[in-house]
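# The following comprises the amino acid sequence and a computationally predicted model.
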Amino acid sequence: MVKFDKPQTTVSDHVERLKGRGMTFADEAFAKHCLAHIGYYRLTSYWLPYEADHGTHTFHAGTSFETVLGHYAFDRELRLLVMDAIERIEISMRTRWAFELANAHGPHAHLLPALFMSKFGQGGRTVWDHQRGIEDLEKEQSRSRETWVKHFQSKYDEPLPPLWATCELMTLGAFSKWYSNTASDRLRKNVARSYGLDMQILTSFLHHIAVARNICAHHSRLWNRSFTFVLKLARHPRDLNSSLNATETRKIYNTLTMLAYLMEQISPDTAWKKKVLESIDRRSIDVMQMGFPANFKTTPVWQGI
């Protein structure tokens, strides 16, 4: 291993370096402004697909800074759209789960260890158990400055609010664990069926979108990313199954298709799918790099837009 000894360089240096590698600029002053506020390093992952030779970092003929910037702008738009969908879906699913659990076992069902399973990792290490879940919620409650939390703590002698209120303290990652470790198959199936899904598919989807949400929250590249955790492909309903891509499973297409399917059920008035496709068309994005199949516009989830 060697020590990093590259010096800091100026935005003018960056422009000259990119020009030397074959990138063109319609407006160098504007490019310098963008590099000063976005950063050379951050844009690197957006021009990598345009490199003809990664060893020398030379670009394919005709590669422009404006094209790269368009992909960066698209990625930002995509993250905002994905965050919007995940928020609506998360709230809906938390609400459905809380209703099913509280309806069957009372408003403080989440405090009953017998209703939940433990998850173990390699060597028998506990990855999640009920006690850990409760402790995490109590930490979230102690950090909260919400008026309703303070009201509950001042009025009631309970470690946590009723389930439908406690859900508001759960992160998406936490909710994913609470749902997947709910002991009752019947209860988990009831939640999944309200969206036309199998409970194993919903469990996988919640885990996957928790990863996707973290990518978005940290402003990381999303559009052509390869996910390490692949969501399970739904066998039912048939419309969803036939719209998913069983070949490019690590790309964002399947994530967007699942989000589009669920958004149609939860918030159909948002025209979410249309906004995604409009952003793709406006920025002239190559959807193949996102795992879109060539015929995706004829699939049940995406057709007629």
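Nice, I can see it.

# From here on, just use CA atoms for contacts and neighbour counts.
OK.

# Return the distance of stretch 250-258 from the chain's centre.
10 Å (C-alpha atoms, centre = their mean, to the nearest Å).

# Please read the previous query as pertaining to stretch 195-207.
In terms of C-alpha atoms, centre = their mean, the centre of stretch 195-207 is set 15 Å apart from its chain centre.

# same thing with stretch 124-140?
23 Å.

# Output that stretch in CSV with nothing but the alpha carbons.
Provided in CSV are the C-alpha atoms of stretch 124-140 (Å, rounded to 0.1, in the frame of the first residue of the first chain):
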residue,chain,number,x,y,z
GLY,A,124,-25.8,-18.0,16.7
ARG,A,125,-25.3,-14.3,17.1
THR,A,126,-28.6,-12.4,17.8
VAL,A,127,-29.3,-10.1,14.9
TRP,A,128,-32.7,-8.9,16.2
ASP,A,129,-35.0,-9.9,19.1
HIS,A,130,-38.0,-8.3,20.8
GLN,A,131,-36.0,-6.8,23.6
ARG,A,132,-33.5,-5.1,21.2
GLY,A,133,-36.4,-3.8,19.2
ILE,A,134,-38.1,-2.3,22.3
GLU,A,135,-34.8,-0.7,23.4
ASP,A,136,-34.3,0.9,20.0
LEU,A,137,-37.9,2.3,20.2
GLU,A,138,-37.3,3.7,23.7
LYS,A,139,-34.1,5.4,22.5
GLU,A,140,-36.1,7.0,19.6
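
# quick thing: my sequence starts at 55, can you match it?
Sounds good: first residue 55 from here, last item stretch 178-194.

# For burial, what's the neighbour tally of Met344?
As a burial measure, Met344 scores 20 neighbours (other C-alpha atoms under 10 Å).

# Skipping adjacent residues, who's closest to it in space?
Counting by C-alpha to C-alpha, 6 or more residues apart in numbering, Asn278 is the residue found nearest to Met344 once chain neighbours are left out, at 4.9 Å.

# What of Glu82?
Val69 (7.5 Å).

# Correct me if wrong, but that neighbour is in a strand.
No. With DSSP: H, G, I helix; E, B strand; the rest coil as the criterion, Val69 is helix rather than part of a strand.

# Verify the stated contact: it with Lys86.
Yes. Taking contacts as C-alpha atoms under 8 Å, Val69 lies within contact range of Lys86: 7.1 Å.

# Now the common contact residues for these two.
Common neighbours of Val69 and Lys86 (criterion: C-alpha atoms under 8 Å, 6 or more residues apart in numbering): none identified.

# Could you list the low-confidence segments of the stretch 205-354 of the chain?
Along the stretch 205-354 of the chain, segments meeting pLDDT under 70 are nowhere present.

# List the contacts of the residue nearest to Met344.
If you count contacts by C-alpha under 8 Å, 6+ apart, then Asn278 has Lys305, Ile306, Gln343, Met344, Gly345 around it.
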